[in-house]
Every structure is written in structure tokens, then in C-alpha cells.
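Asker: Fold the following.
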Amino acid sequence: MKRLPRIEQYGLIGNMQTSAHVCDDGSIDWLCLPRFDSPAVFAGLLGTQKHGTWQIAPAQPADQTGFGAVAERRYRGDSLVLESVWRTPTGSVRVLDFMPPRDGAPQVIRIVEGLTGEVEMVSAMRPKPGYGSVNPWIHEVGGRMVAEAGADALWLDTCVPQVEKDSVIVSAFAIGAGQSVAFVLSWRPSHAAAPDVPEPQAALAETLAFWRDWTRQCTYEGPYREAVIRSLIALKAMTYGPSGGIVAAPTTSLPEEIGGHRNWDYRYTWLRDASTTLAALLETGYRQEAQAWRRWLLRAVAGDPENLQIMYGITGERNLPERVLPWLPGYEGSTPVRVGNGAADQLQLDVHGEVIETLYLAHQSGVAHCADTAVLHRRLVEHLAQRWQEPDEGIWEIRGARRHFVHSKVMAWVAVDRTIRLAEAGALDMDPDYLVELRAAIHHEVCAKGFDPVRNTFTQSYGSQELDAATLLIPRVGFLPPDDPRVVGTVDAVRRELSTPDGLVRRYPTLGDRTGVDGLKGDEGTFLLCSFWLVDGLALTGRLDEARALFERLLALRNDLGLLAEEYDPVHQRQLGNFPQAFSHMGLVQSARLLQLLTGPSRHRGAVAVPAPRSASRSTRQSGADLTPQHA
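Answerer: Prediction:
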């Protein structure tokens with residue numbers, strides 16, 4: 001029986017259409033085909049081997065179970081080509097796992113290379129489409145193995161013999177030094193003709209060239225370049241190339257608490273997540289992704305900004321019904337396993353701010369003007385002007401009663417402020433006069449109703465006592481200057497009441513067996529993006545040494561491949577939540593940039609400044625750009 005791996009034991013490979021999770025024992029336990037949001041053909045991550053896996057690893061003596069973990073693994077250079085090395089008593093072997101980023105049907109390619117001696121190897125693929133619920137028809141066609149189920153066909157090509165045994169496609173072979181054996185899994189619609197016989201070595205060269213060319217565009221030259229590049233690659237891997245949409249994470253239902261029910265599907269495009277991801281990409285020299293996302297935004301919102309959704313499918317789908325898959329036991333027994341996401345129907349007023357902030361940043365970064373986007377921008381602001389005083393579900397997508405969340409109001413202010421700036425710069429044909437009054441009104445209300453003068457901190461919502469890590473963004477987005485006593489007090493309060501002893505930050509208080517403000521029972525780990533926000537808050541308020549120390553502590557939480565999940569459990573010292581998480585890697589990139597820009601003369605090409613607050617009593621400019629949030 002296969003051991004249960006921790007989330008951080010997985011690596012990611014992908015092709016900007018979908019991705020696969022490769023465990024350190026050589027098993028692919030999660031793969032959705034042909035898209036991120038398609039049903040998984042390997043769902044062992046949320047169940048057991050019988051729900052679908054594909055393992056390539058050295059064979060073991062009969063009296064041992066499992067294949068054992070790799071001796072070492074890494075990505076080859078600045079790429080998404082994963083190298084895993086095993087050392088056995090008879091020799092050593094390397095497996096290269098990757099997905100070519102090309103048009104057409106997706107492929108997973110696994111190349112086994114002999115390094116020393118001779119090693120007995122086994123490839124065992126158990127395809128289980130429909131999230132592990134369907135037994136496919138496995139048969140041979142012209143010497144090639146194919147597994148068909150409904151609309152899907154999986155073709156497995158290799159040069160070594162393959163046999164089907166108990167619904168598993170098995171290849172046993174020996175690999176000597178200097179030899180190689182390739183396995184290629186290709187998806188096709190079951191009614192379509194067979195895919196071409198692949199050329200694995202050519203695909204490897206193309207894949208390495210793609211990532212080499214892409215990472216060369218990065219403009220960040222700071223001290224944390226390795227971590228930034230790896231995070232940018234992870235963010236790029238979460239984009240859906242054909243449409244420009246960006247998923248929040250490529251997994252569903254990895255738990256925020258082991259054994260808990262805070263398990264959600266993140267394989268969709270949140271306006272908030274995508275906007276902030278693009279901010280990180282824009283700030284490090286990547287503009288093509290912003291142009292593609294802008295076209296996606298126009299298609300998704302269409303001519304209906306008054307009915308703006310907070311999230312869409314990766315090609316703009318609006319209907320994302322949430323349902324439970326009862327046959328999957330969940331990761332380490334964490335149920336339910338959900339697909340779809342009911343938050344699509346929520347009201348989250350902050351998304352206007354994140355979207356408009358990104359449009360503003362795109363303009364500042366030199367992305368060409370788009371007349372259609374300008375029309376959408378104006379309509380979004382007009383709609384927000386009518387609704388900003390309503391309560392909403394907020395940044396954390398609560399499933400309880402709506403509230404007047406401070407973060408939502410602050411981001412409404414951001415939307416209006418950035419619109420005024422673009423209009424004053426002549427980049428947006430809009431009369432800003434009435435918006436100037438609106439901006440001042442929002443600012444006044446937030447400071448009057450969302451601030452607790454006794455504790456000297458902004459609170460989660462008007463009149464509440466709870467704190468919220470999202471208020472750490474107040475100086476980052478320019479709502480108040482970093483040296484404002486209310487900002488310093490908020491940073492200190494969050495650090496005091498929401499932080500663990502090692503400085504990691506929770507989003508807001510949870511109540512265990514009792515229902516909390518989010519309408520849910522149960523607890524969760526510390527939220528990695530919020531911890532990066534605290535890095536920014538400390539840096540902006542002049543505590544750079546403490547900010548750097550916390551940032552480097554967060555870097556140490558990455559797995560051996562530089563990847564971060566959504567949350568971290570400091571008690572059991574393990575990652576939690578969907579993996580890898582765009583928010584976590586976006587937070588890493590933006591905190592690295594901010595630290596670089598605040599520690600001496602800027603050597604960073606393309607630095608972007610946080611807009612100075614227009615309604616505050618003092619005005620200051622700090623380097624950086626907007627961050628932001630997460631869902632339930």
C-alpha cells in the first residue's frame with residue numbers, strides 16, 4: 001500500500017493548459033485532461049492508488065512495499081522540467097518529467113535515463129477518468145496502448161513492452177548507463193484519430209528552450225532572484241494559454257485543516273487572484289500575459305459589468321455549480337471533495353479595486369491602450385459608485401451573513417482613486433470631478449467606521465472586534481501613508497493577535513467547533529499570503545531587518561522545489577491547502593521586490609511606485625504595488 005505523502009512532497013509540471021503533480025516516489029497522483037478544470041484521470045491525490053496514479057520508479061525486492069523516495073530532485077535550470085534521481089544497490093537512474101507547452105492535445109512525457117550500473121524499473125499506470133470513478137477500456141491499437149472512457153482517450157507510447165493487468169498498464173525493463181526509455185501519455189478525444197507517434201527528445205529540447213526564453217524576460221535582479229524566478233514559473237504554469245485565464249491553483253479540495261471540511265476547488269479564474277498575479281508578472285517585466293488576460297476579461301464580463309461575477313471558468317464560463325464527489329475519501333480523509341465553487345454567486349466589492357488596479361498598473365507598465373477595456377473600466381466604476389455602501393461576502397468569501405468589510409471598502413477606494421489618476425493623465429476619457437468627492441467619502445467612512453481608536457487598529461468590518469490580516473494592505477495600496485499611526489497600530493495589532501510565535505499570520509480568528517464569522521466551523525493553518533503582507537507592513541513602517549527575517553523564514557517553508565501551498569501548519573510543520581497557490585507565489589514576488597526597492601538605490605529595472613494617498617493628512621510615496629487575498 002502506498003504511503004500517504006505530504007503536500008510538499010509533490011512537484012508540478014505543466015503546459016499552460018493543465019498540469020500534473022509528481023510525488024517524490026515517482027508517482028503522478030493528480031492530472032486533469034485536457035484542461036485544469038477537466039475531470040482528473042489520476043485522482044490518487046484525493047484518494048488511493050485505485051483512484052488513478054502513474055508511477056515510474058526502481059523495482060524493489062518482493063518483501064518491501066512501495067518504491068521509495070528519490071535520492072534527489074530538482075528542476076532543470078529555470079524550467080518546469082523535473083529531474084528525479086534514484087540510487088540503488090545496482091546503479092542509479094534519472095527520470096525527467098515534463099509537459100511540452102505547445103498547441104494541440106496535451107502530453108505528459110517521462111524519460112528514464114540510466115546513469116550508472118543497471119537498474120530494474122517499473123512503470124505502472126492506472127488510468128481512472130471521471131475523478132477516479134470510471135474504469136476505462138484498455139486495449140492495444142497498432143502496438144500502442146490506449147485507455148478509452150466516454151469522450152476521452154489516453155494513448156501511452158513507449159519502446160518497451162506493455163501489458164495490461166487488472167486495469168493497470170505495466171512495463172518492466174532494465175536500464176543501463178547511457179541508455180534511455182521514454183514514455184509519452186497523449187490525450188485525444190475518443191472519437192478522433194490516434195495522435196502522432198511522439199518524439200520525446202525533440203519535445204524536451206523545445207520545452208527547455210521555451211522556459212529559457214521566457215525566464216530571460218524577467219527584470220528582477222535582486223538578492224532573492226532564484227526564489228522569484230521559481231515563483232514566476234509557477235505563476236506562468238497556472239495560466240491557461242489558449243484564453244489568457246489564470247487559475248488560483250491547479251488542485252481542488254486539498255484541506256486547510258487535515259481531516260477538516262474547508263476544502264475548495266481553485267481551478268477557476270478569480271478576478272482578484274488573476275489581477276494580483278498579473279501585478280506580480282507586470283512588475284517583473286511580463287506584459288504579454290497582461291494583454292492576454294485583458295482580452296479574457298473583456299470576453300468573460302462581456303457587455304454585462306452590472307452582473308460582474310467574482311470568478312469565471314478559464315475560458316469565461318459563468319456557471320460553476322459546486323458539488324461533492326462522495327466516492328473520493330479526500331486527502332488524508334479530509335472531506336468533502338468538492339468540484340465547482342459556489343462563491344461564484346457571491347458579492348465581493350473589492351474585486352473592482354483589484355481589476356482596476358491591474359489596469360492602472362498595465363498602463364504604468366506601457367501596455368498599449370485598449371478602447372474596449374476603457375469602456376468596461378468606466379462601467380465598472382459607475383456600477384461600483386452605486387453599490388459600494390452595500391455589505392458583501394468580502395475577500396475571504398465568507399459563507400455567513402454579509403458585512404461591511406473594511407478591505408472591501410478600501411479596495412473600492414482604490415478603484416476610484418486609480419480611475420481618477422488615469423483620467424487626470426488623459427489615459428481614460430472620463431470626468432473625474434464626481435469621483436473625487438466619492439473617493440473622499442469612502443475614505444472618510446472607512447476611517448470613521450472601520451477603525452478602533454481604543455486598540456489603535458483597523459478591524460475586519462464596521463463595528464466588529466475581530467481583526468483581519470487584509471487590513472495590512474492599507475499602506476500597500478496607498479490608502480494611508482505607512483508612517484500614519486493608524487497604519488503602524490494595525491500592523492502591530494495583527495502581529496500581536498493573528499501571528500504565531502514564529503511570525504506566521506492567520507487570516508482572521510476561527511472558532512474550532514463553533515461557527516465563526518466566516519459561517520464555517522473548524523480551523524485552518526496560517527495563511528502564507530498574509531504572512532507576506534506582514535513582511536510588507538514591517539518593511540513599509542521602517543522595520544526592514546524584521547521584514548527580511550520574516551521573509552527568509554517564509555522562503556524556508558518552500559518545498560525542495562521552491563513551491564508553496566496556500567497555508568502552513570506551524571504545529572505539525574507541513575503545508576496545507578491547494579498546491580501550488582498563486583497567491584503565495586505572488587506574495588513572494590511582490591515582497592521580494594518591495595524589500596529590494598526599500599533597501600538602497602533601486603537597481604530594479606521597471607520599478608513601479610505605490611500611488612500616494614490623496615485623502616490622507618500626510619502624503620508619501622513608497623515603492624511597490626498592490627497585493628491582495630483568498631477564498632473559502
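Asker: okay, CA-based contacts and neighbour counts for the rest of this
Answerer: Fine.
Asker: those helices in the stretch 201-350 of the chain, which residues are they?
Answerer: Counting by DSSP state H, counting those that start in this stretch, the stretch 201-350 of the chain has helices at residues 225-237, 271-283, 288-301, 350-364.
Asker: burial measure for the closest residue to Q17 other than its chain neighbours, as a count.
Answerer: Once flanking residues are discounted, Q17 sits nearest to Y240: 4.9 Å by C-alpha to C-alpha, 6 or more residues apart in numbering. Y240 has 22 neighbours, counted by other C-alpha atoms under 10 Å.
Asker: Contact partners for the closest residue to L504 other than its chain neighbours?
Answerer: Residue nearest to L504 in three dimensions, not counting chain neighbours: S531, with 5.3 Å by C-alpha to C-alpha, 6+ apart. Applying C-alpha atoms under 8 Å, 6 or more residues apart in numbering, we find S531 in contact with 503-506, 554.
Asker: what distance separates stretch 5-23 from the centre of its chain?
Answerer: 12 Å (C-alpha atoms, centre = their mean, to the nearest Å).
Asker: mind checking the end-to-end distance for that stretch?
Answerer: Stretch 5-23 has an end-to-end distance of 8 Å (criterion: C-alpha to C-alpha, to the nearest Å).
Asker: Repeat that for stretch 468-479.
Answerer: End-to-end distance (C-alpha to C-alpha), stretch 468-479: 16 Å.
Asker: just for the stretch 501-632 of the chain, where's the confidence low?
Answerer: Scanning the stretch 501-632 of the chain for pLDDT under 70 picks out the ranges 600-632.
Asker: show me where it has strands.
Answerer: 526-527, 567-569, 574-576, 609-610, 622-623 (DSSP state E, counting those that start in this stretch).
Asker: Taking the contacts of S531 together, which two end up most distant?
Answerer: R506 and L554 (13.8 Å; C-alpha to C-alpha).
Asker: re the thing from before, list the beta-bridge partners for the residue nearest to Q17.
Answerer: G245 (DSSP bridges).
Asker: In terms of neighbours, single out the busier of R506 and L554.
Answerer: Taking neighbours as other C-alpha under 10 Å, R506 and L554 compare with R506 leading, 26 against 21.
Asker: and the residue nearest to the more buried one when sequence neighbours are not counted, what is it in contact with?
Answerer: With sequence-adjacent residues excluded and distances taken as C-alpha to C-alpha, 6+ apart, R506 is closest to T526, at 4.4 Å. Residues in contact with T526 (C-alpha under 8 Å, 6+ apart) are 504-507, 567-570.
Asker: repeat for S123
Answerer: Going by C-alpha under 8 Å, 6+ apart, the list of residues near S123 reads 54-57, 169-172.
Asker: got the residues you listed as a markdown table, with neighbour count, secondary structure and distance to M311 columns?
Answerer: Putting those into a markdown table (neighbours: other C-alpha atoms under 10 Å; DSSP: H, G, I helix; E, B strand; the rest coil; distance: C-alpha to C-alpha, whole Å) gives the following:
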| residue | neighbour count | secondary structure | distance to M311 |
| --- | --- | --- | --- |
| W54 | 22 | strand | 32 |
| Q55 | 20 | strand | 35 |
| I56 | 23 | strand | 37 |
| A57 | 27 | strand | 39 |
| I169 | 21 | strand | 39 |
| V170 | 20 | strand | 41 |
| S171 | 19 | strand | 43 |
| A172 | 16 | strand | 45 |
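Asker: now those residues in CSV, with pLDDT and distance to R94?
Answerer: Output for those, formatted as CSV (pLDDT from 0 to 100; distance: C-alpha to C-alpha, whole Å):
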residue, pLDDT, distance to R94
W54, 98, 16
Q55, 97, 14
I56, 97, 11
A57, 96, 9
I169, 98, 21
V170, 97, 19
S171, 97, 17
A172, 97, 16
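Asker: so the residue nearest to Q17 sits right up against A248, yeah?
Answerer: No - contact criterion C-alpha atoms under 8 Å: Y240 and A248 do not qualify, at 11.2 Å.
Asker: ok, longest helix in the protein?
Answerer: What stands out as the longest helix in the chain, according to DSSP state H, is helix 406-424.
Asker: Quick check: buried residues in that one?
Answerer: Going by neighbour count (16 or more other C-alpha atoms under 10 Å), the buried part of helix 406-424 is 406-420, 422-423.
Asker: Return the member of the contacts of S531 nearest to V339.
Answerer: Set against V339, the nearest of the contacts of S531 by C-alpha to C-alpha is R506 (25.3 Å).
Asker: So what does that closest one look like in phi/psi?
Answerer: phi -90, psi 160 (degrees, to the nearest 10).
Asker: How about the contacts made by it?
Answerer: Going by C-alpha under 8 Å, 6+ apart, the list of residues near R506 reads 469, 498-499, 525-527, 530-531.
Asker: Show me the two of these that sit farthest apart.
Answerer: A469 and G525 (13.6 Å).
Asker: For burial, what's the neighbour tally of V351?
Answerer: V351 - counted by other C-alpha under 10 Å - has 27 other residues nearby.
Asker: Give me the below-cutoff pLDDT ranges for this structure.
Answerer: For the chain, residues meeting the criterion pLDDT under 70 lie at 1-3, 61-68, 600-632.
Asker: Counting neighbours, what do you get for T207?
Answerer: 20.
Asker: Can you pull the phi/psi pair for the closest residue to it other than its chain neighbours?
Answerer: Spatial nearest neighbour of T207, excluding adjacent residues (C-alpha to C-alpha, 6+ apart): P100 at 5.3 Å. Backbone dihedrals for P100, given as degrees, to the nearest 10, come out at phi -60, psi 130.
Asker: what sits against P100?
Answerer: 14-15, 106-109, 203-204, 206-207.
Asker: do the same with S171
Answerer: Taking C-alpha under 8 Å, 6+ apart, we find S171 in contact with 122-124, 160-163.
Asker: for the residue nearest to R506, which residues make a bridge with it?
Answerer: Taking DSSP bridges as the rule, T526 bridges to Y568.
Asker: would TSV of the helices of the stretch 201-350 of the chain with distance to R74 be doable?
Answerer: Converted to TSV, the helices of the stretch 201-350 of the chain look like this (distance: least, C-alpha to C-alpha, whole Å):
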stretch	distance to R74
helix 225-237	11
helix 271-283	23
helix 288-301	26
helix 350-364	33
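Asker: which of the residues in stretch 535-547 are buried?
Answerer: Neighbour-count burial for stretch 535-547 [16+ other C-alpha under 10 Å]: 535-541, 544, 547.
Asker: Same check on stretch 345-361?
Answerer: For stretch 345-361, the buried set under the neighbour-count rule, 16+ other C-alpha under 10 Å, comprises 345-361.
Asker: Check stretch 232-242 too.
Answerer: Those would be 232-241, for stretch 232-242 by 16+ other C-alpha under 10 Å.
Asker: For that stretch, which outside residues touch it?
Answerer: Outside stretch 232-242, the residues that touch it by C-alpha under 8 Å, 6+ apart are 13-19, 36, 78-80, 215, 245-250, 277, 281, 314, 563, 580, 582, 585-586, 589.
Asker: And that stretch, how far out from the chain middle?
Answerer: 9 Å.
Asker: returning to that earlier point: and which of the contacts of R506 is nearest to T373?
Answerer: C530 (30.6 Å).
Asker: Check the gap between that closest one and N559 for me.
Answerer: 19 Å.
Asker: For these two, indicate the residue with more neighbours.
Answerer: It is C530, of C530 and N559, that has more neighbours when counted by other C-alpha under 10 Å, with 31 against 17.
Asker: Quick one: residues contacting that one.
Answerer: Contacts of C530 (C-alpha under 8 Å, 6+ apart): 469-470, 505-507, 629.
Asker: run the last query once more with 6 Å
Answerer: Neighbouring residues of C530 by C-alpha atoms under 6 Å, 6 or more residues apart in numbering: 469, 505.
Asker: cool, K449 as well?
Answerer: K449 touches Y462, counting by C-alpha under 6 Å, 6+ apart.
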